[in-house]
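Trainee: Sequence first, predicted model second:
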Amino acid sequence: MEVNLGVLEGKVVLVTGGANGIGKECALLAAREGAKVVVNDLGGGASGGDAGSAGPAEEVATEIRKAGGDAVSNSDSVSSRAGVARMFEQAMDTYKGLHAVINPAGILRDKMFHKMTDEEWDIVIDVHLNGSYNVCHAAINHFREQEEGSFVLFTSTSGIIGNIGQANYSAAKMGIVGLSRIIAMEGAMKNVRSNVIAPFAWSRMIATIPVKDEASAKRVERMKNHMRADQVAQLAVSLASNACKDVSGQIFVARGNEIFLMSQPRPVRGMAKMEGWTPQTIADHCMPAMKPSFHDLGATTSVFGWDPV
């Protein structure tokens, strides 16, 4: 009888934010696909800033083991370099290897920019952008030495398109796009890959966003019913595996049963003036000529305006 092995059979995967939402679904699916999993989660609230608990990550690891898989738990914070070093060491000590990192760990501190505090800015940057740096930097030399490794990082349409009230989150998420791109470029000769996913999925973190009007309420209901975390996990686990060994440096959107490949910034239109530009000639000639190609200030819903499939 032919045995169908999972796409992560024999691999070791670290999943951050693994106790809830997308992270939990990634951890469970990675295990079903044959991986040994280090389930990391601080165990704190969705807004961050509390002490956390080892319990939630261990609950997911226990669920994996009860289903016949292999998993251990870790409750360090991705924002702590020492904590992330312990995650890496745990994978190496327990399973003697690490082949992929899936990093959806995150928090929200939404606020209009003119009302945002330094603390609200710093903590979101620290968890999302610095956290992505920390988990990648901890594993990068090991991946390069073994000439195999995949980073699956998480951006957001708030970053690549934009949403009002999320300047901190958007800045962090666009930073992750740049980080992933350079890791992919620098790692290409060593078979080290990096990709980012902008997920649409109902999660504990998304539930913290205030619902201020009827349109927002309807959008929330669509997300609850048709955009699930387990659907995002399918893409994340595939990208983590060698089944996608030729995929690197890309930006994907996962939205229900839809997967989109997103464009990356490239020139749209150019003008030259042989005698050089002045501030006035730029205003009089360059900007009017380019204006038809300007991007509008629409938020994510203006780009993804249809119901998910």
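Mentor: Structure's in. What do you need?
Trainee: Now do stretch 268-277: distance from first to last residue.
Mentor: Terminal residues of stretch 268-277 are spaced 19 Å apart (Cα to Cα, to the nearest Å).
Trainee: go on, stretch 280-296?
Mentor: Stretch 280-296: ends 24 Å apart by Cα to Cα.
Trainee: Residues touching it, excluding its own?
Mentor: With Cβ atoms under 8 Å, 6 or more residues apart in numbering as the test, stretch 280-296 has contacts from V268, R269, M271, K273, W277, S302. Quick note: C-beta positions are derived from backbone N, CA and C, even for glycine.
Trainee: Identify the farthest-apart pair in those.
Mentor: K273 and S302 (33.6 Å; Cβ to Cβ).
Trainee: which one among the contacts of stretch 280-296 gets closest to S170?
Mentor: S302 (15.2 Å).
Trainee: leaving aside the residues next to it on the chain, what's closest to that closest one?
Mentor: Distance criterion Cβ to Cβ, 6 or more residues apart in numbering; nearest residue to S302, sequence neighbours excluded, is D296 at 7.3 Å.
Trainee: Check the gap between that neighbour and A215 for me.
Mentor: Noted for D296: a distance of 18 Å to A215, by Cβ to Cβ, to the nearest Å.
Trainee: quick one: low-confidence parts of the stretch 101-250 of the chain?
Mentor: For the stretch 101-250 of the chain, residues meeting the criterion pLDDT under 70 lie at 203-211, 219, 222-223.
Trainee: Strands along that one, start to end?
Mentor: 149-154, 192-200 (DSSP state E, counting those that start in this stretch).
Trainee: strands paired with the last one, and their directions?
Mentor: Looking at strand 192-200 with DSSP bridges, its partner strands are strand 149-154 (parallel), strand 251-255 (parallel).
Trainee: what sits opposite the spatially most central residue of the chain in the beta ladder?
Mentor: The centroid of the chain falls nearest to F154 when counting by Cα atoms, centre = their mean (0.8 Å). When assigned by DSSP bridges, F154 has beta-bridge partners I197.
Trainee: CA-only coordinates of stretch 184-200 in CSV, if you can.
Mentor: The C-alpha atoms that make up stretch 184-200 are tabulated as CSV, following Å, rounded to 0.1, in the frame of the first residue of the first chain:
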residue,chain,number,x,y,z
ALA,A,184,15.3,35.9,0.2
MET,A,185,17.8,37.7,-2.0
GLU,A,186,20.7,37.0,0.3
GLY,A,187,19.7,33.4,0.9
ALA,A,188,19.1,32.3,-2.6
MET,A,189,22.5,30.7,-3.1
LYS,A,190,22.1,28.8,0.2
ASN,A,191,18.6,27.5,-0.5
VAL,A,192,17.2,29.8,2.2
ARG,A,193,13.8,31.1,1.3
SER,A,194,11.5,33.8,2.8
ASN,A,195,8.0,34.7,1.8
VAL,A,196,5.2,36.8,3.4
ILE,A,197,1.5,36.3,3.8
ALA,A,198,-1.1,39.0,4.3
PRO,A,199,-4.0,37.1,5.9
PHE,A,200,-7.7,37.7,6.0
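Trainee: Would you mark the buried spots in that stretch?
Mentor: Under the neighbour-count criterion of 16 or more other Cβ atoms under 10 Å, stretch 184-200 has A184, G187, N191, V192, R193, S194, N195, V196, I197, A198, P199, F200 buried.
Trainee: do you know how far F294 is from R269?
Mentor: Distance from F294 to R269, by Cβ to Cβ: 10 Å.
Trainee: So what's the residue count around the residue lying closest to R109 once chain neighbours are set aside?
Mentor: Excluding its sequence neighbours, the residue lying closest to R109 (Cβ to Cβ, 6+ apart) is E120, at 4.2 Å. Neighbours of E120 under the rule other Cβ atoms under 10 Å: 17.
Trainee: quick revisit: now render the contacts of stretch 280-296 as CSV, adding neighbour count, pLDDT and secondary structure.
Mentor: Output for those, formatted as CSV (neighbours: other Cβ atoms under 10 Å; pLDDT from 0 to 100; DSSP: H, G, I helix; E, B strand; the rest coil):
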residue, neighbour count, pLDDT, secondary structure
V268, 9, 95, coil
R269, 11, 96, coil
M271, 11, 97, coil
K273, 11, 97, coil
W277, 13, 98, coil
S302, 11, 89, helix
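Trainee: So D296 and A215 - more neighbours on which side?
Mentor: A215 (10 against 7).
Trainee: show me where this protein has helices.
Mentor: Per DSSP state H, the chain carries helices over the ranges 21-32, 55-66, 81-95, 118-125, 131-146, 157, 167-187, 214-226, 229-240, 279-281, 287-290, 300-303.
Trainee: Mean neighbour count, the ones you listed: which tops it?
Mentor: helix 21-32 (a mean of 27; mean count of other Cβ atoms under 10 Å).
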